[in-house]
Structures are given as C-alpha cells and as structure tokens.
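Peer 1: turn this into a structure:
(one chain, ligands or ions: 3)
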Amino acid sequence: MKIAVPKEIKNHEYRVALTPSGARELVDRGHVVTVQTGAGEGAGFGDADYEAAGARLEADVAKVWSGAELILKVKEPQANEVASLSAGQTLFTYLHLAAEETLTRGLMDSGATCIAYETITDRQGGLPLLAPMSTVAGRMAVQAGAHSLEKAQGGGGVLLPGVPGVAPARVAVIGGGVVGENAARMALGLGAEVTVLDKSIPRLETLDDRYQGRMKTVFSTADVLETVVRESDLIIGAVLVPGAAAPKLITRAMLAEMKPGSVLVDVAIDQGGCFETSKPTTHAEPTYVVDGVVHYCVANMPGAVARTSTQALTNATLPFVKALANKGWQQALADDPHFAAGLNVHDGQVTYAAVAEAFGLEYVEPASLLG
Ligand SMILES: NC(=O)C1=CN([C@@H]2O[C@H](COP(=O)(O)OP(=O)(O)OC[C@H]3O[C@@H](n4cnc5c(N)ncnc54)[C@H](O)[C@@H]3O)[C@@H](O)[C@H]2O)C=CC1
Ligand SMILES: CC(=O)C(=O)O
Ligand SMILES: [Mg+2]
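Peer 2: Residues are numbered from 1 along each chain as shown. Ligands and ions are numbered 1, 2, ... in the order given. The predicted structure follows:
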C-alpha cells in the first residue's frame, strides 16, 4: 500500500505520525512509505533516518497527499489538508469531530474514509490510541498549571508544594481517567493537596486503591463542584464522554467564586472544553485571563514534548497501521470491532453516533459498510 506521512502544520505541532522504526516495519512488509521532507525534524528524526528505514522522501506536499492510499497524521486536518483529501483515500489521525462541525462537513465532502485514533476502543473499555497522549497531557497539565500560577503569568503567586509553615496548593482534577490520574499523580508528587472528582464509582475505587488515600476521591455533583471552585488554586479539566462534546462543568458565573489568580487547565479542550469560558489556545499563546482566572486551553499539549510523544504514539498506532496497510480498511475494521469504532466518516456519511448527534446528521452504522 502507498502510505504517506505529511509534516504536521498545526501551531507548534512538532510530532510526526510515524517514527523511522515504524516506517521500517511497514517497508519490510512491502509497503511504500513516503515521508514529507523534514516531517520528523521536530521530534528529532532526520530525513536520513527515514531513508535508512527504507522510506521515500518527498518535498512537494501536494505529491505527498495525492499519491497516497493511506495518510497518517497526528492532528486533525487543517483546512488546506482537508482540501487535499479525496475519495478512495483513508485518513488515520486524531479528529475530535464532535467539537468541529466545519471539519466534519469538510471530511464528508472529501469522500475519504476517516478513522479517528481517539474513538478506537479496547476490551477493557479503554481508548488505547488516546491513552498515550492522555498520559502525556495529564502529566504536562500540572507543569502548565504550576507555571500559570506564577505572578508573571497572571497567576496568584502560589507554589504547588508550599514550604514548611505554608500550606500546599489545592489541586482539583475533574475526571479521573487517564489524563486525570496522571495529572493527580504529578500533583501529588509535587506535594500539592489533590482531590479527584469523577462520576464513575469504579474509577474512584481504582484511584482510592492505587493511591491509598493520598489523594481524595469525590463523586462529582453540582454541590461538590461549587466547593471545589471556591477552594482550589488549580483545577484541571479531564472529563471525557467518548466521541461527544465535553459537558460544561464550570460556568462563567462560577468564576466569580474562584480565588483571584487561580488557574483552570482545560485538557478536554479538544472535545470542546469542560469550562464555559474555555477557548482553544496554542503553545505560542497558551493562556488568557477571564474574571481574574488564568485559563490554559492548548488543544495539542503533547506536541510540545514531541520526541516522547511521537515514540509513544507510534508504539500505540503501529499495530493498527499495519492492519490497515496489510488488509485494507474494510477488512481490517471487519476483523476487529474495537478498530471499527474508530470509523467516523466514510464516503460522505457519518459513522460515529455521537458526532452525527452533535450536528443533527444521519448516522450510518460502520458494520453496514464492512460487508
Ligand atoms: N489537550 C490535549 O492536548 C489533549 C487532550 N486530551 C483530552 O483529554 C480528555 C480526557 O481524556 P482521557 O483521560 O483519556 O479520558 P478517559 O476516558 O480516560 O477519562 C475521562 C473520565 O471522565 C469521567 N467523566 C465523564 N463525565 C464526567 C463528569 N460529568 N464529571 C466528572 N467526571 C466525568 C469519566 O468517568 C472518565 O473517568 C479527552 O477529551 C481527551 O481528548 C487528551 C490528550 C491530549
Ligand atoms: C489527543 C490529542 O488531540 C493530541 O494528542 O493532540
Ligand atoms: Mg481541534
């Protein structure tokens, strides 16, 4: 199969969808891998590394896209990338469509087959292609929050661990899944006082068991949210309803109850964000202030640690890429219902229920397309 790896073009996105080691595995199976010149540079992988792995290099981005049957990316296609997609091509990347109607309609118009990393499931009920980047983003969320609490960033001037004689900061994590657990773990490691809120009792049980009471676990209700908003120095938004837009859990009115200079880090921003006042930001300008509260809402956090993230992402995606390349998308998805859950758009049709529902579009069952 002809597989293309374009250079990512989103603001400060330094990841690439395939490492040279990943390229080698595909080339060894007889596939033709074309990598856009310089695509791996931001992650520390040079053109020579891809050549040594047997990949071809192509400087002309239009040729990278037009010559491919399977296109591997990291972030959702930007407008000019959507325009480069055509029927018969398969796109495999993060899509987060439920928060992006224009993108959804653009992908429908392209006629291409679009498979989202983040909606592929596993037998344990997890999201195996979202998990590695959620691990990265969860760990980064505390770094970002700690930095945002500094005065120069508009924060209240609070040090997460405190010092002897001065209490540590209070950190609340809303959503105790992969992002939430990793954020909570980092915050604990830095000496903060940590509370995790979730709606899932089994998830709270797991966290309680793993951390043996070192973090508080609380069932999330409107009352609890109001208390957390009043008391926290840093709140990390980490909820997910798979494939759907995130619920708005902190409203603008609630910001008035927060301490001046407190910080909201909305990791769920790629699904639209879980705070009413969140809007996507970039690594170039990651924060803004509303009613005295610093907001950090970068939608591609792992892009900033591209070396670690690229390796972690390829580790997770490669088995699925191999299945697509070896069998074609229809057979690969027919053989694995968890992989089929990744199909979001095919030939102008929306094949993911939460996305169809978000925009009032007709939903087509993936199984009906797989024969
Ligand atoms: N900004 C960025 O760069 C990145 C963002 N993400 C995003 O982070 C979000 C979280 O991802 P994961 O941790 O992997 O998901 P997950 O599925 O592992 O965890 C989500 C948790 O939220 C809980 N939850 C759902 N609704 C809730 C509610 N109303 N109140 C409290 N808890 C609720 C669930 O029970 C679950 O435990 C996703 O939107 C994901 O796309 C992930 C990686 C990078
Ligand atoms: C999950 C995601 O959107 C990212 O890693 O950028
Ligand atoms: Mg987006």
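Peer 1: could you use CA atoms for every contact and neighbour count after this?
Peer 2: OK.
Peer 1: what is the end-to-end distance of stretch 187-202?
Peer 2: End-to-end distance of stretch 187-202 (Cα to Cα, to the nearest Å): 22 Å.
Peer 1: anything in it near ligand 1?
Peer 2: Yes. Contact of stretch 187-202 with ligand 1 (Cα under 6 Å from any ligand atom) involves 197-200.
Peer 1: how far does that stretch sit from the chain's center?
Peer 2: Distance of stretch 187-202 from the chain centroid (Cα atoms, centre = their mean, to the nearest Å) equals 20 Å.
Peer 1: would you mind finding the longest helix in this structure?
Peer 2: helix 306-327 (DSSP state H).
Peer 1: could you list the buried residues of that helix?
Peer 2: 306-318, 320-326 (16 or more other Cα atoms under 10 Å).
Peer 1: who touches stretch 130-143?
Peer 2: Residues outside stretch 130-143 that contact it (Cα atoms under 8 Å, 6 or more residues apart in numbering): 117-119, 178-183, 185-187, 236, 265, 267, 301-302, 309, 312-313, 316.
Peer 1: neighbour count and pLDDT added to the residues of stretch 187-202 next to ligand 1, as CSV?
Peer 2: CSV is the format used below for the residues of stretch 187-202 next to ligand 1 (neighbours: other Cα atoms under 10 Å; pLDDT from 0 to 100):
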residue, neighbour count, pLDDT
Leu197, 25, 98
Asp198, 21, 98
Lys199, 15, 98
Ser200, 14, 97
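Peer 1: residue contacts, Val27?
Peer 2: 33, 53-55 are the contacts of Val27 under Cα under 8 Å, 6+ apart.
Peer 1: now do the strand or helix carrying it against helix 306-327, angle only.
Peer 2: Under the criterion of DSSP states H and E, Val27 resides in helix 20-28. Comparing the axes of helix 20-28 and helix 306-327 via axes from the mean of the first three to the mean of the last three Cα atoms, to 10 degrees yields an angle of 10 degrees.
Peer 1: rounded mean pLDDT for helix 20-28, please.
Peer 2: The pLDDT scores in helix 20-28 average 98.
Peer 1: is it true that Leu91 touches Cys114?
Peer 2: Yes. In this structure, Leu91 is within contact of Cys114 by Cα atoms under 8 Å, at 4.8 Å.
Peer 1: the residue of the stretch 101-250 of the chain found nearest ligand 2 - how many residues pack around it?
Peer 2: Going by Cα to the nearest ligand atom, ligand 2 is nearest to Met133 of the stretch 101-250 of the chain, at 4.7 Å. As a burial measure, Met133 scores 24 neighbours (other Cα atoms under 10 Å).
Peer 1: gap between it and ligand 1?
Peer 2: The gap separating Met133 from ligand 1 is 5 Å, by Cα to the nearest ligand atom, to the nearest Å.
Peer 1: Val5 too?
Peer 2: Going from Val5 to ligand 1 by Cα to the nearest ligand atom gives 21 Å.
Peer 1: list the contacts of that residue.
Peer 2: Here Val5 is in contact with 16-18, 33-36, 39, 64, 71-73 (Cα under 8 Å, 6+ apart).
Peer 1: over to Glu13?
Peer 2: 300, 303-304, 306.
Peer 1: from the residues you listed, list the ones also adjacent to ligand 2.
Peer 2: Applying Cα under 6 Å from any ligand atom to the contacts of Glu13, those adjacent to ligand 2 are Asn300.
Peer 1: one step back: can you tell me which of the contacts of Val5 is nearest Gln349?
Peer 2: Nearest to Gln349 among the contacts of Val5 is Ile71, at 19.1 Å by Cα to Cα.
Peer 1: pLDDT score for that closest one?
Peer 2: Turning to Ile71, the model gives it a pLDDT of 98.
Peer 1: what of Phe92?
Peer 2: For Phe92, pLDDT reads 98.
Peer 1: in a strand, it, correct?
Peer 2: Yes. Counting by DSSP: H, G, I helix; E, B strand; the rest coil, Phe92 is part of a strand.
Peer 1: who does it form a beta bridge with?
Peer 2: Leu72, Ile115 (DSSP bridges).
Peer 1: surely it touches Ile71?
Peer 2: Yes. The pair Phe92 / Ile71 is scored as a contact, 6.2 Å apart, by Cα under 8 Å.
Peer 1: residue boundaries of the helices in the protein?
Peer 2: Assigned by DSSP H, the helices in the chain fall at 20-28, 47-52, 61-66, 79-84, 101-110, 131-148, 178-189, 201-211, 222-231, 252-255, 306-327, 329-334, 337-340, 353-359.
Peer 1: need these in TSV (columns: distance to Gln271).
Peer 2: Putting the helices of the chain into TSV (distance: least, Cα to Cα, whole Å) gives the following:
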stretch	distance to Gln271
helix 20-28	28
helix 47-52	33
helix 61-66	27
helix 79-84	18
helix 101-110	12
helix 131-148	13
helix 178-189	13
helix 201-211	21
helix 222-231	20
helix 252-255	18
helix 306-327	19
helix 329-334	24
helix 337-340	20
helix 353-359	11
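Peer 1: fine by me, thanks again.
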